[in-house]
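J.: Sequence and computational prediction follow.
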Amino acid sequence: MTTVAEALINRKSVRAFLDKPVSEADIKNILTYARQAPSGTNTQPWQVAVVSGTSKAKLDDILVSAFKNGEPKVLDYNYYPLKMPAEFQRRRLACGMQMFQTLGITRENKERRLEQWALNYSAFGAPVAMYFFTNKLVEKGSFMDCGMFLQSVMLMATELGLATCAQAALAEYPHLVKEFLGYPEDSILLCGMALGYEDKDAPINSYRTVREDLDVFTKFYS
């Protein structure tokens with residue numbers, strides 16, 4: 001059995017998946033355990049749409065087409081700060097550079113970069129994409145609750161030998177996703193998540209981001 005520590009270390013954002021289905025039993029198992037995530041006054045402000053098979057193929061086509069046609073991206077909320085703190089920006093740029101270097105894609109090769117980015121909208125070809133929603137009336141506390149639920153989903157998937165990638169990109173065209181899945185337009189689409197079995201031979205899955213040392217973000221008071 002995987003320990004919590006092992007799951008935290010082994011979990012990573014996977015961007016290439018095997019053509020291997022994920023059983024509905026495993027998905028239900030993941031969500032059954034993840035629902036134990038804490039939430040303020042037990043509000044449990046999350047809703048999940050599990051999309052696979054023909055439905056996923058159709059929604060993938062809709063989102064990929066929107067991206068390639070240059071449709072405006074209008075998320076239901078601001079994922080990033082309007083003014084990015086310098087240390088955030090440094091990490092963000094390093095993350096992108098490391099990924100493209102792993103794939104051997106130069107800064108000048110804009111066409112290849114766009115091709116790679118377009119893969120976001122099919123959940124990188126994973127057999128399952130999960131879309132996470134919440135009520136439009138929520139405040140920032142509920143976003144924290146949903147974040148803990150998302151982490152619980154990812155750790156449980158790791159426990160079962162599955163791989164994930166939480167994706168803000170899958171929430172960039174919320175009106176299209178809501179229309180296709182039948183969710184109310186005034187709900188909030190938080191993000192999507194690719195779920196499947198990692199293709200361990202894919203170069204992109206060798207890419208791991210670094211984490212700051214403890215003393216960079218922690219102060220002890222006694």
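T.: Sure thing, it's come through.

J.: for the protein, longest helix please?
T.: The residue-count maximum for a helix in the chain (DSSP state H) belongs to helix 140-159.

J.: Check which helices and strands that helix is in contact with.
T.: Contacts of helix 140-159 with other secondary structure elements, assessed using 3 or more C-beta pairs under 8 Å, 6 or more residues apart in numbering; DSSP states H and E, are made with helix 4-10, helix 24-34, strand 128-134, strand 163-167, strand 188-196. Just so you know, the C-beta spots here come from the backbone N, C-alpha and C atoms, and that holds for glycine as well.

J.: For Thr54, find the nearest of these.
T.: The minimum distance between Thr54 and the helices and strands packed on helix 140-159 falls on strand 128-134, with 12.9 Å, by C-beta to C-beta.

J.: Can you list the strands that that closest one pairs with?
T.: Each strand pairing with strand 128-134, determined using DSSP bridges, is listed with its direction: strand 47-52 (antiparallel), strand 188-196 (antiparallel).

J.: Pull out the buried residues from the following helix or strand past the first one.
T.: Okay, so that is strand 47-52. Next along the chain after strand 47-52, taking DSSP states H and E as the criterion, comes helix 53-68. For helix 53-68, a neighbour-count test (16 or more other C-beta atoms under 10 Å) marks Lys56, Leu59, Asp60, Leu63, Ala66, Phe67 as buried.

J.: now do stretch 13-31
T.: Of all the residues in stretch 13-31, those buried under the rule 16+ other C-beta under 10 Å are Ser13, Val14, Arg15, Ala16, Phe17, Leu18, Val22, Asp26, Ile27, Ile30, Leu31.

J.: The second one against Thr164, yeah?
T.: Yes: with the criterion set as C-beta atoms under 8 Å, Val14 and Thr164 qualify as a contacting pair; they are 6.6 Å apart.

J.: what residues do the two have in common as contacts?
T.: Where contact means C-beta atoms under 8 Å, 6 or more residues apart in numbering, the residues bridging Val14 and Thr164 through contact with each are Ala194.

J.: Quick check, central residue of the chain?
T.: Using C-alpha atoms, centre = their mean, the residue of the chain that lies closest to the mean C-alpha position is Ala166, 1.2 Å off.

J.: wait, that residue sits on Leu190?
T.: No: look at Ala166 against Leu190 with C-beta under 8 Å: they stay out of range, at 9.6 Å.

J.: Now do the shared contacts for these two.
T.: Residues touching both Ala166 and Leu190 (C-beta under 8 Å, 6+ apart): Leu150.

J.: List the contacts of the closest residue to Gln167 other than its chain neighbours.
T.: For Gln167, the nearest residue in space outside its immediate sequence neighbours is Gly192; the separation is 4.8 Å by C-beta to C-beta, 6 or more residues apart in numbering. Contacts here follow C-beta under 8 Å, 6+ apart; on that basis Gly192 touches Ala123, Ala129, Met130, Tyr131, Phe132, Ala166, Gln167, Ala169, Leu170, Ala171, Val177.
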